[in-house]
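Participant: Give me a 3D structure for the following:
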Amino acid sequence: MTTQITLTTRDEELLKALALKVRLFSLRQIATQWWNGELANTRRRLRQLVQIELLLSAQVLARPILNLDGPVIDWKPGDAAPDCGQIAYAFQTRIRRIPVRTTGVFLATERSARLFGGRCRGELAHPAQATHDLGVSAVWLHLAVHAPHRAMAWVGEDLLAHTRSGQKCPDAFIIDETNAVRSVIEFGGDYDRERIKSFHDDCVERVLPYQMW
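Facilitator: As a prediction, this is how the structure comes out:
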């Protein structure tokens, strides 16, 4: 029999973020955002949410991205083309200096998706992409603190991927009150110059502002 607990506002914020905004969070990301950095209390509550099948826990090999200061590039139509080589160097240097380690992560289950919306599969579909997914989560967490209106307008890649069949799909879409896409966000992992240029060219073609973090 599944244990019954009453969900708090904090629980619902976390579950909605995982169902609608990002694919996963690390334990430390959750503790910092919702439990004032208290790891023991965070673990206790997350364990309860796992028991009632609203969260799934997993261990991944990743380079945890904990803090971001702002986008590496914030481009809009009419701006000059970025130096893609320089941006690639910045991304590669950043990601490669962080050591790979076993990291505990949490993601929404199918039950959470039914409660809050979303397209969660209740599994870690791409463990090898955990570093990238943690980076995307770090971007959303930064916006949740420093630009909450953009965090609210953020729609995760998995929710709108079906609208980009055969096309490039950014990590997040920023939508307006009519659900029109106003800009997109990409977290820069170990990207080379050509990948960055391809992303930029796609946004130019769509006349779509973007940020790369």
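Participant: any idea whether residue 124 is helix, strand or coil?
Facilitator: coil (DSSP: H, G, I helix; E, B strand; the rest coil).
Participant: Could you pull up phi and psi at the nearest residue to it once chain neighbours are set aside?
Facilitator: Using CB to CB, 6 or more residues apart in numbering and skipping residues adjacent in sequence, the residue nearest residue 124 is residue 58, 4.9 Å away. C-beta coordinates here come from the backbone N, C-alpha and C atoms, glycine included. When quoted as degrees, to the nearest 10, the phi and psi of residue 58 stand at phi -150, psi 160.
Participant: Next up, the contacts around residue 58.
Facilitator: 24, 104, 105, 106, 107, 124, 127 (CB atoms under 8 Å, 6 or more residues apart in numbering).
Participant: Give me the distance between the second one and residue 194.
Facilitator: It stands for residue 104. Noted for residue 104: a distance of 34 Å to residue 194, by CB to CB, to the nearest Å.
Participant: With neighbour numbers in mind, choose between these two.
Facilitator: Each of residue 104 and residue 194 has its neighbours counted (other CB atoms under 10 Å); residue 104 has more, 15 against 11.
Participant: How about residues contacting the host helix or strand of the more buried one?
Facilitator: Element membership for residue 104 (DSSP states H and E) is strand 101-108. Strand 101-108 is contacted from outside by 15, 18-19, 23-27, 30, 46, 50, 54-64, 116, 118, 120, 122, 124, 130, 134, using CB under 8 Å, 6+ apart.
Participant: ends of stretch 110-129, how far apart?
Facilitator: 20 Å (CA to CA, to the nearest Å).
Participant: Check which residues of that stretch are buried.
Facilitator: For stretch 110-129, the neighbour count (16 or more other CB atoms under 10 Å) marks 111, 112, 113, 115, 116, 118, 119, 120, 124, 129 as buried.
Participant: surely the fifth one meets residue 13?
Facilitator: To tie it back to what came earlier, the one meant is residue 116. No - Residue 116 is not in contact with residue 13 according to CB atoms under 8 Å; the separation is 10.3 Å.
Participant: still on that earlier bit, quick check: strands, which of the buried residues of stretch 110-129 are part of them?
Facilitator: Using DSSP state E, no member of these sits in strands.
Participant: farthest-separated two in these?
Facilitator: Spanning the widest gap among the buried residues of stretch 110-129 are 115 and 129, at 25.3 Å by CB to CB.
Participant: Distance of the closest residue to residue 119 other than its chain neighbours relative to residue 18?
Facilitator: Among residues not flanking residue 119 along the chain, residue 158 sits closest, at 4.8 Å (CB to CB, 6+ apart). Separation of residue 158 from residue 18 (CB to CB) stands at 11 Å.
Participant: okay, those two: which has more neighbours?
Facilitator: For residue 158 versus residue 18, the count of surrounding residues by other CB under 10 Å is larger for residue 18: 27 against 18.
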